[in-house]
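> okay, sequence plus prediction incoming.
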Amino acid sequence: DGGITQSPKYLFRKEGQNVTLSCEQNLNHDAMYWYRQDPGQGLRLIYYSQIVNDFQKGDIAEGYSVSREKKESFPLTVTSAQKNPTAFYLCASSIPSPDYGGYTFGSGTRLTIV
Amino acid sequence: LAKTTQPISMDSYEGQEVNITCSHNNIATNDYITWYQQFPSQGPRFIIQGYKTKVTNEVASLFIPADRKSSTLSLPRVSLSDTAVYYCLVGDMFSGGYNKLIFGAGTRLAVHP
């Protein structure tokens, strides 16, 4: 089955450590996105990528970094510069087709800084 | 990107029809209206998408008036498993191969026995 795989589902890290969240898709989608969700809130865009080796900052990119070396993969690194990294992180991909519902989301990674 | 406004929360009972209305006064000509459903600790799931008039699928209907400044998601005969957050999004889904949909806080629907 095609889809988006995020790993791990739960992640615990000590304050001051960088951590990388994995996102892999086998849908052959060109565009990929990272969102952050805090309790009771909507999703906020961190970074997005339209094509391999290209990505753009979203609304809350400070303290985060990404890479897009392969079409299938879009890892997100939460750096020590991110002041409040504890959150639920969602990866998504999309294809521009009127026959398709826009975004496919992964199941998310819950990051907790201890 | 068009901003949307929807109720923060709604309550219903099993077996009832639920209608959630979304306001999007600044919708652009190329914008589509898309609704997503999200359960706790899961990624949002596509429910339905439309451009104008009425769209129906196996889980919901989407009503869009002629001026397209609002839309209504209709969930027939809800069950407890429909308790979730519902997001209304408006955007040009197909330009440039990508889009940056803005997710607001959504509508928290609670279905009671």
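Arrived safely, thanks for sending.

> so who does the nearest residue to A:Gly58 once chain neighbours are set aside touch?
On the basis of CB to CB, 6 or more residues apart in numbering or on different chains, the spatially nearest residue to A:Gly58 that is not a chain neighbour turns out to be A:Leu45, at 3.2 Å. Quick note: C-beta positions are derived from backbone N, CA and C, even for glycine. For A:Leu45, the contacting residues are A:33-35, A:58-60, B:100, B:102, taking CB atoms under 8 Å, 6 or more residues apart in numbering or on different chains as the criterion.

> can we see that at 10 Å?
Each residue near A:Leu45 by CB atoms under 10 Å, 6 or more residues apart in numbering or on different chains is listed here: A:33-36, A:56-61, A:92, B:100-103.

> and for A:Ser93?
For A:Ser93, the set of contacting residues under the criterion of CB under 10 Å, 6+ apart consists of A:3-4, A:23-33, A:49, A:71-72, A:74, A:103-106, B:98.

> do you know how far the residue nearest to B:Glu17 when sequence neighbours are not counted is from chain A?
If you skip the residues right next to it in sequence, B:Glu17 has B:Pro76 as its closest partner in space, 5.3 Å away by CB to CB, 6+ apart. To chain A, B:Pro76 is 19 Å away according to CB to the nearest CB, to the nearest Å.

> can you list the weak-confidence ranges in chain A?
Applying pLDDT under 70 to chain A flags residues A:1, A:96-101.

> the same query, at a cut-off of 80, please.
Counting by pLDDT under 80, chain A has low-confidence residues at A:1-2, A:95-102.
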